[in-house]
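> pasted the sequence and its predicted model underneath.
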Amino acid sequence: MSRILLLLDDRQNRHLLVNTLAQTNEIVAPEGLSSKELEKLIQQPFDLCILCSVMLKRYRQALHARKEAEYPIVLPYLLVITQKQLRIINYNSLHSIDELITIPIVKRELLLRVEVLLRSRLLSQQMHTANKKLLMEIEQIRCLETDIRSSLERERTLNELKSRFVSMVSHEFRSPLQVILSSSQIIEQHGDRLSLEKKQQFFQHIKANVKKMNQLLNNVLTIGEVDLKMLKADIKPINLSDFSRDLIEEICLTSEQHRKIAFKFYGGYNDVYVNENLIRHILINLLSNAVKYSSPENDINFTLRCQDGEAIFTIQDKGIGIPREDKEKLFGLFQRASNAKDIPGTGLGLAIVKKCVDLYAGSLELESEVGAGTTVTVKLPIPQPAPVYR
Ligand code: ATP
Ligand code: MG
């Protein structure tokens, strides 16, 4: 049922319209209301307004604003007008009017006009709903298109990265392979003329380069695992300070020279749930760098702080340091500082550290000065202390 608002100052016309339209519509026909009350009524919902020219003049602004607010849905206004008014009426004043009916009102004509106007409102409502649905569908298609585009872009970058990685890796493998090949050729072809010492030297070269290739392979595999998020999520409750001490022992045992790593632990708790695999990669690489790029006379300091849901690892050495211009690039693949060329390394350790820290949603800071040493600070979230199992 449609709701029709009657704004007619002539009582007789009002009654005629109420009688004619009330059977099939809900009629609001105010009588004796103040201007304020009428303006309020115009704000209430209705589907059609039938009004006379006096009311149109009096409430022109409110009626116009109400019509605008409904846009794009049609809110029809039907003007009841005398023949005399029709002759002198100004076109501009008909701005909001959709249809006219002249007095004396013919019932049949009134019913037809009301029917047509209400139908146009209904159609515009249906069109509006269909439009909204269409817009939503377009938006969904647009989102889908953006998704497809970005996954294509991701795929392309991944492919680019893969081929760059493959060519970098093959390049890095080439030089140790070359050394192994040439050393073994020399031994094969001139072995009988070489001194024992010289032969030992070539064997050393071969062994060192096999070791390098082995390390390279392990690091490349780790990078691949971290990139593909395939690294085993080894989340378990561990005692971080005991874990750190074990790693220090592991590093010192495998180091060729006697090394001292001084460990300090601060904090209220250290039994935490962590991804042991990620932390191991981070700490092993940082500790082995500290060992590799400093001399045995200088101790390495390793501190662990567990506070406010965070584990802060600081590893400080007094080694060769890193030139300022090299610092930024060292977290990239196969990057090495200009002052480290004589020290063996694959240039993948810090890249692994960075990827693991990122996976852990932690942060990484590196401070270094050539000749003075390097300090790396890693902060990792440790959400809650693990329950104590006895
Ligand atoms: P590997 O992949 O075997 O670890 P690497 O040590 O050369 O080889 P990264 O650990 O990635 O590779 O380090 C990159 C470079 O950063 C090193 O080659 C070195 O030049 C510099 N570097 C890293 N840590 C230190 C440090 N503690 N002191 C001085 N230089 C460092
Ligand atoms: Mg390293």
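All right, it came through fine. Ligands and ions are numbered 1, 2, ... in the order given.
> make sure Val28 is actually in contact with Ile4.
Yes: using CB atoms under 8 Å as the test, Val28 is close enough to Ile4 to be in contact (7.0 Å). Any C-beta I mention is one placed from the backbone N, CA and C, and that applies to glycine too.
> now do the shared contacts for these two.
Phe46 (CB atoms under 8 Å, 6 or more residues apart in numbering).
> ok, these two, which is more surrounded?
Ile4 (25 against 16; other CB atoms under 10 Å).
> surely that one is in a strand?
Yes: with DSSP: H, G, I helix; E, B strand; the rest coil as the criterion, Ile4 is assigned to a strand.
> right, and it touches Val114 too?
Yes: the criterion here is CB under 8 Å, and Ile4 meets it with Val114 at 7.3 Å.
> overlap of the contact sets of the two?
21, 25, 48, 50.
> quick one: which of those is most hemmed in?
Ile50 (28 neighbours).
> so it bridges to which residues?
Ile50 has these beta-bridge partners by DSSP bridges: Leu6, Leu78.
> can you tell me how far it sits from ligand 1?
83 Å (CB to the nearest ligand atom, to the nearest Å).
> one more: Ile105?
In terms of CB to the nearest ligand atom, Ile105 sits 92 Å off from ligand 1.
> kindly report the same for Val378.
For Val378, the distance to ligand 1 - CB to the nearest ligand atom - is 13 Å.
> in three-state terms, how would that residue be classified?
With three-state DSSP as the criterion, Val378 reads strand.
> quick one: residues contacting it.
Here Val378 is in contact with 282, 286, 312-314, 353, 357, 362-365 (CB under 8 Å, 6+ apart).
> now swap in Tyr360 and tell me
275, 278-279, 282, 380-381.
> widest-spaced pair of the residues you listed?
Ile282 and Pro381 (13.4 Å; CB to CB).
> neighbour count for these two, which is higher?
For Ile282 versus Pro381, neighbours defined as other CB under 10 Å are more numerous around Ile282 (26 against 14).
> wait, that one touches Lys354, no?
No: taking contacts as CB under 8 Å, Ile282 lies outside contact range of Lys354: 9.3 Å.
> would you mind confirming that Gln125 makes contact with Leu75?
No: contact criterion CB under 8 Å: Gln125 and Leu75 do not qualify, at 10.3 Å.
> who has more neighbours, those two?
Leu75 (21 against 15).
> quick one, phi/psi of that one?
phi -120, psi 100 (degrees, to the nearest 10).
> over to Ile73?
Dihedral angles (degrees, to the nearest 10) for Ile73: phi -80, psi 140.
> same question, His15
Given degrees, to the nearest 10, the pair of backbone angles that His15 has is phi -60, psi -40.
> repeat for Asp98
phi -100, psi -20.
> please apply the same query to Gln257.
Torsion angles, degrees, to the nearest 10, at Gln257: phi -110, psi 160.
> what is the burial count for the residue in the stretch 201-350 of the chain positioned nearest to ligand 2?
Nearest to ligand 2 in the stretch 201-350 of the chain, going by CB to the ion, is Gly349, at a distance of 2.8 Å. For Gly349, the neighbour count with other CB under 10 Å is 23.
> list the contacts for the closest residue to Thr24 other than its chain neighbours?
Nearest residue to Thr24, sequence neighbours excluded (CB to CB, 6 or more residues apart in numbering): Met1, at 7.2 Å. When contacts are counted by CB under 8 Å, 6+ apart, Met1 touches 24-26.
> looking at those, spot the one nearest ligand 2.
For those, the nearest to ligand 2 is Glu26 (82.3 Å; CB to the ion).
> quick check: the closest residue to that closest one other than its chain neighbours vs Ile50, distance?
Ranked by CB to CB, 6+ apart and with sequence neighbours excluded, the top spatial neighbour of Glu26 is Arg3, at 4.7 Å. Noted for Arg3: a distance of 12 Å to Ile50, by CB to CB, to the nearest Å.
> common neighbours of the two, please.
By CB under 8 Å, 6+ apart, no residue touches both Arg3 and Ile50.
> which strand or helix spans Ser183?
helix 107-190 (DSSP states H and E).
> circling back: can I get the contacts of Tyr360 in TSV including distance to Ser151 and secondary structure?
Putting the contacts of Tyr360 into TSV (distance: CB to CB, whole Å; DSSP: H, G, I helix; E, B strand; the rest coil) gives the following:
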residue	distance to Ser151	secondary structure
Asn275	27	strand
Leu278	26	helix
Ile279	32	helix
Ile282	30	helix
Leu380	30	strand
Pro381	29	strand
